[in-house]
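Trainee: Show me the folded form of this:
(chains A and B)
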Amino acid sequence: MTKLISRDNLKKLISKVLTSFQVIAPVNENNVSFFKRISVYEQIKWEDNNPTKSPKEFFFAPSDDLFRYQMKNKNILLREPSNHHDQRIILGIRPCDMAALNILDRVFLEDGKDLLYSALRDNTLLIGQSCRTPGKYCFCSSVGINPDDSQNMDLMLTDIEKNLFLVKVVSEKGEKFFSHFSSFFQEADATNGHTPVQTKEMVDYLKRGALFNVQNINEWLNENFEHPIWSEIAAKCIGCGVCTFFCPTCHCFDISDENVVYRDSSFQGVRRRIWDSCSFDHFTKMPMHQPRPTQDRRFRQRIMHKFKYFIDRFQQGACVGCGRCRSLCPVGIDIIEVLERIHCLSYQSHGVK
Amino acid sequence: MITLLQAKTWELLQQKEVSLILGYGEFSRKINNGPEQRIISPIFITKPEETSSLVWNDRCVFNLSTYLTGKEVKAHHKVAIMAKGCDIKSICVLIQENQIKREDLIIIGLTCQGVIGDKERPKAEKCDSCQLKTPHIYDILIDSAEAQTKKLNQVEKKVESKNCVNPVQEKFDRMDKMNPQDRWQYCLDQFSKCIRCYACRQVCPLCYCEKCITDKSTPQWIEKSPLLPGNLSFHIMRAFHLTGRCVDCGECERACPMNLPLTTLNKKMAQVVKDMYHYESGLKTDEEPLFGSFQLEDEESFIK
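Mentor: Have a look, this model is predicted:
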């Protein structure tokens, strides 16, 4: 089902739903763009591409309370966190970030459901937006994602004129939302094809196609756990967590017991699940052994996880081509450069396929 | 064309004076809206023929001395490093603190008229008050001042036309004028944004502890979760650990993906140290570090 909505009506719609939903949309503070819960429509900063921070943190938070505990007269009192959440709408999620969410779904919902994640996933309506121009560092087309992919969104907005969006109602949840607020939408004209707006750069980007072949990379990785390129590329890696924390699909976490001190100076223990990164030197550190003692092994793990282990396990890669890691790395490590090199090496070892 | 830099470094490797050169290389990065972007990035050179990829220009912002304390670099018997005046200050502190030996190092000093700033500043903040355009410690000096002066004159004109005050002073004045509550609130607002990726710590040449106190969990000293209490402890602890040591290379602030004004605290501490003890870090290799020396007349009025 496709409908139309004008920018004015979208504004009215969002202002209306703000009274009954938590609305999370892209904003820009301190020159960093990210998703944030907004209170008025005007806070939204519409940019052409995905914000610097992905919406991952709204499903898998940088710090999640698992439970709280307190000692009382030699008894331990346990308290679970409330799993009541208000209904939420995430507005302006891009196809790459949506694809990343599908990857997280496989991790957190298949084979044993993560309760925190699934509760947040269930109460969130996703309103996507297709890209009319490629971001400076994006490479979604190289990993098989379309910049107008509406798969698994609830509603999808596409620019068709300056102030007019084509709205694709994708899911049942989206239909329910639509029927509730149908007065804000217009009928799409069946005779008019409503061509999406695409910049010249987007046309070139799509024409260029893939920069590398994920299948070839996967095959090469199968055979090259040990290879000189790992230490060559990772020599300059400083071991910070920027690439993994900003990655919309990275999902490794650590468990940390911490204290919450209240105003009356009583305190409670809290067990938290916090983001962790395979780039950190203590990530695999165990009392007697460190299986990844050098940065090249940690770097290899990141590439292996995305292009081998995840494919082995879930038959899909875990990179969505959002380009955040390559644009933010403090020492300029570029994942495209790495993948192109591997792609070339795979040709050298197997011939042209 | 072979530059003086390339010729000198070729010689060093060819004559086996060093086995590794830490330098700047130029790489191309694919971007979607325009031609390929030329970026400068650290490069590790071990073969003489690779020295042709070394470059030096005003985009060489990285402080390469952060690699000197790494295991991989320490495995080499002797290393040469390209360093600007500000970077040499941090090398100097590493020598003072016995992390590296002066004789194991060949410093390729670079005459610098200022590097570009990122985040929409034409020139890095630290360059405004730089006193070390010609480095104070070096073995080989690469002087490419002319090519640089040309470029930066244009940039400076732009700044003048905007009528900018020295941004560092402006920042301090603004902070000093705030009342304590507002200043505290400002710190809370900023540090609550930290996501604890530790880019600041990892990129810092003087954060070389083998195990950072933040990573210790038995017992835990600093909360690991990226929430305000742990973030505050981490950043204030880091500022304390860098007091009398930080050389204001600005790498933490450049690396921070959340654009936090990380150098502000460090600069304030450096100012206090300078006023109280007339000490500036990173100037002399044979000087005792601030916290490693004591004199009876040392200022201690702040101990209450």
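Trainee: Spatially central residue for the chain, please.
Mentor: I went with chain A, as the question did not name one. A:Pro248 (2.7 Å; C-alpha atoms, centre = their mean).
Trainee: other chain: chain B
Mentor: In chain B, the centroid-proximal residue (C-alpha atoms, centre = their mean) is B:Cys249; its distance is 2.7 Å.
Trainee: still on that earlier bit, who are the contact partners of the residue nearest to the centre of chain A?
Mentor: If a contact means C-beta atoms under 8 Å, 6 or more residues apart in numbering or on different chains, then A:Pro248 has A:Ser54, A:Pro55, A:Lys56, A:Cys96, A:Asp97, A:Ala100, A:Leu101, A:Val320, A:Cys322, A:Arg324 as its contacts. C-beta coordinates here come from the backbone N, C-alpha and C atoms, glycine included.
Trainee: switch to 6 Å and redo it
Mentor: A:Ser54, A:Lys56, A:Asp97, A:Ala100, A:Cys322 (C-beta atoms under 6 Å, 6 or more residues apart in numbering or on different chains).
Trainee: Quick check: PyMOL command selecting the buried ones in these.
Mentor: To isolate the buried members of the contacts of A:Pro248 in PyMOL, using 16 or more other C-beta atoms under 10 Å in any protein chain shown:
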select buried, chain A and resi 54+56+97+100+322
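Trainee: Among the contacts of A:Pro248, name the ones in helices.
Mentor: A:Asp97, A:Ala100 (DSSP state H).
Trainee: right, and the helix or strand after the helix or strand bottoming out on mean pLDDT in chain B?
Mentor: When each helix and strand of chain B is scored by mean pLDDT, DSSP states H and E, helix B:145-162 comes last, with a mean of 41. On the C-terminal side of helix B:145-162, the nearest following helix or strand under DSSP states H and E is helix B:167-177.
Trainee: just to revisit the earlier point, the residue nearest to the centre of chain B and B:Phe62 touch, don't they?
Mentor: No: checked against C-beta atoms under 6 Å, the pair B:Cys249 and B:Phe62 is beyond contact range at 9.4 Å.
Trainee: just so I have it, where are all the helices in the chain?
Mentor: Just going to use chain A. Going by DSSP H, chain A shows helices at A:7-17, A:95-109, A:115-122, A:172-180, A:200-208, A:214-223, A:228-234, A:242-246, A:295-304, A:310-314, A:324-328, A:335-350.
Trainee: wrong chain, I was asking about chain B
Mentor: Under DSSP H, chain B gives helices at B:4-14, B:71-74, B:85-96, B:145-162, B:167-177, B:180-191, B:199-203, B:228-241, B:251-255, B:263-277.
Trainee: Let me have those in a markdown table, extended by mean neighbour count.
Mentor: Shown next, in a markdown table, are these (neighbours: other C-beta atoms under 10 Å in any protein chain shown):
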| stretch | mean neighbour count |
| --- | --- |
| helix B:4-14 | 18 |
| helix B:71-74 | 14 |
| helix B:85-96 | 24 |
| helix B:145-162 | 12 |
| helix B:167-177 | 13 |
| helix B:180-191 | 13 |
| helix B:199-203 | 25 |
| helix B:228-241 | 18 |
| helix B:251-255 | 24 |
| helix B:263-277 | 17 |
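Trainee: got TSV for the ones you listed, with distance to A:Val169 too?
Mentor: Shown next, in TSV, are these (distance: least, C-beta to C-beta, whole Å):
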stretch	distance to A:Val169
helix B:4-14	61
helix B:71-74	55
helix B:85-96	57
helix B:145-162	49
helix B:167-177	50
helix B:180-191	40
helix B:199-203	41
helix B:228-241	40
helix B:251-255	43
helix B:263-277	49
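Trainee: quick one, which of the ones you listed is nearest to A:Phe181?
Mentor: Proximity to A:Phe181 (C-beta to C-beta) singles out helix B:180-191 among these, at 35.3 Å.
Trainee: Point out the residues in the stretch 101-250 of chain A that sit beside chain B.
Mentor: A:Pro134, A:Lys136, A:Glu201, A:Tyr205, A:Ala235, A:Lys236, A:Ile238, A:Gly239, A:Cys240, A:Gly241, A:Val242, A:Phe245 (C-beta under 6 Å from any C-beta of the partner chain).
Trainee: ok now stretch A:85-101, how far from the chain's centre?
Mentor: Centroid displacement of stretch A:85-101 relative to its chain, using C-alpha atoms, centre = their mean, to the nearest Å, is 9 Å.
Trainee: Quick check: mean pLDDT of it?
Mentor: Taken as a whole, stretch A:85-101 has an average pLDDT of 94.
Trainee: One more: stretch A:279-296?
Mentor: Here the average pLDDT along stretch A:279-296 is 91.
Trainee: Specify the beta-bridge partners of A:Leu126.
Mentor: A:Leu126 forms beta bridges with A:Ile90, as assigned by DSSP bridges.
Trainee: how far away is it from A:Leu166?
Mentor: Between A:Leu126 and A:Leu166 the distance is 17 Å, computed by C-beta to C-beta, to the nearest Å.
Trainee: So for the two, which sits in the more crowded spot?
Mentor: The neighbour comparison of A:Leu126 against A:Leu166 (other C-beta atoms under 10 Å in any protein chain shown) goes to A:Leu126, with 25 against 20.
Trainee: okay, now the domains of the chain?
Mentor: In the absence of a named chain, chain A is used. A:2-197, A:214-350 (automatic domain parsing).
Trainee: Chain B is the one I meant
Mentor: According to automatic domain parsing, the ranges for chain B are B:4-162, B:167-292.
Trainee: Include distance to A:Gln70 when you put the ones you listed into JSON lines, please.
Mentor: Output for these, formatted as JSON lines (distance: least, C-beta to C-beta, whole Å):
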{"stretch": "domain B:4-162", "distance to A:Gln70": "43"}
{"stretch": "domain B:167-292", "distance to A:Gln70": "18"}
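Trainee: Near chain B, which residues of the stretch 251-353 of chain A? Just list them.
Mentor: Residues of the stretch 251-353 of chain A lying close to chain B by C-beta under 6 Å from any C-beta are A:Ser256, A:Glu258, A:Arg272, A:Ile274, A:His282, A:Leu328, A:Pro330, A:Val331, A:Gly332, A:Asp334, A:Ile336.
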